[in-house]
Every structure is written in structure tokens, then in C-alpha cells.
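Undergrad: below are the sequence and a predicted model for it; my questions follow.
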Amino acid sequence: MSTQPLYSVRPTFKEKFPPTEVKKIISTFLSEFLADKTYNPELSAQWTREIADGIKGSIKQQLELPRYKYVVQVVVGEMKGEGVRMGCRCFWDADTDNSADESYRNDSLFCVAAVFATYLY
């Protein structure tokens with residue numbers, strides 16, 4: 001009688017994406033990165049790339065979740081007293097995949113960062 005190796009397709013409870021912890025990571029990163037910045041349209045594109053890469057790296061380093069892929073979306077804009085709305089829709093496995101978002105603002109700029117995590121089967 002041969003035994004076949006057991007392979008778990010789903011993550012364990014400890015391996016699931018924790019949105020609350022990720023919100024804290026995003027908030028800390030945004031506060032540190034943007035604390036001394038004022039809005040500059042020439043630099044905002046560079047900042048969005050740096051923020052997205054930094055958040056993604058921080059999540060990978062601090063959480064070390066196996067088999068998750070991350071998509072980080074960042075928007076930086078000038079504070080002019082106008083409202084901004086962001087929305088998204090995703091088609092995914094509600095049991096394993098998740099998202100987290102956080103925003104930052106000062107007198108000069110606002111920033112919204114969203115992280116989408118998908119589990120690879």
C-alpha cells in the first residue's frame with residue numbers, strides 16, 4: 001500500500017492575510033515617508049512608485065506569508081479641499097484573498113494606498 005504525500009491547498013489560519021496588521025504597516029510607512037513632504041507634481045509619480053514598492057517590501061518582510069502575491073495601488077494628490085473617491089472591484093476567493101487600505105494627509109497632500117493579496121493555489 002503506497003501512501004501519497006498530503007498537500008494542503010488552502011492556507012492555515014496563521015498563514016491568512018491579516019488586513020488589520022497590513023493597515024498598520026501601510027499607515028506607518030506612509031507617515032514616515034510623507035511626513036516632511038509637500039505636494040510636488042513633478043515628484044508625485046516617483047513617490048507613488050517608491051511608496052508602492054516600500055509597502056510591498058514591508059509586508060513581505062514583516063509578515064512572510066507563503067504563496068501570496070500582492071498588488072499595491074497608490075494615489076498621491078494635492079490637498080485643495082475637494083473630495084476624491086476611490087473604488088475597486090475584485091473577483092477572487094473570499095476565503096483566502098483579501099485587501100487592506102489606508103490613507104494619509106497633511107496640509108499639502110493626500111495619499112491613498114491599497115494592498116490586494118491573492119493566494120496562489
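TA: Received, thanks.

Undergrad: what segments of this protein are strands?
TA: Under the criterion DSSP state E, strands of the chain are mapped to 68-78, 98-105, 109-119.

Undergrad: closest to I51 out of these?
TA: The closest of those to I51 is strand 68-78. By C-beta to C-beta, the value is 4.8 Å. Glycine gets a C-beta too; all of them are placed from N, C-alpha and C.

Undergrad: direction included, what does that closest one pair against?
TA: Note on strand 68-78: by DSSP bridges, its sheet partners are strand 109-119 (antiparallel).

Undergrad: so how far is the strand it pairs with from its chain's centroid?
TA: Strand 109-119 sits 4 Å away from the centroid of its parent chain (C-alpha atoms, centre = their mean, to the nearest Å).

Undergrad: can you redo the strands of the chain as JSON lines with mean pLDDT, distance to P19 and mean neighbour count?
TA: Below are these laid out as JSON lines (pLDDT from 0 to 100; distance: least, C-beta to C-beta, whole Å; neighbours: other C-beta atoms under 10 Å):
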{"stretch": "strand 68-78", "mean pLDDT": "96", "distance to P19": "13", "mean neighbour count": "17"}
{"stretch": "strand 98-105", "mean pLDDT": "95", "distance to P19": "4", "mean neighbour count": "18"}
{"stretch": "strand 109-119", "mean pLDDT": "96", "distance to P19": "9", "mean neighbour count": "20"}
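
Undergrad: of all these, which one is nearest K60?
TA: strand 68-78 (7.3 Å).

Undergrad: so what touches that closest one?
TA: Strand 68-78 is contacted from outside by 17, 39, 41, 44, 47-48, 51-53, 55-56, 59-60, 84, 86, 88, 108-120, using C-beta atoms under 8 Å, 6 or more residues apart in numbering.

Undergrad: make it 7 Å
TA: For strand 68-78, contacts defined as C-beta atoms under 7 Å, 6 or more residues apart in numbering pick out 17, 39, 44, 47-48, 51-52, 55-56, 59, 84, 86, 109-120.

Undergrad: I55: what's it in contact with?
TA: So I55 contacts 26, 29, 72, 113, 115 (C-beta under 7 Å, 6+ apart).
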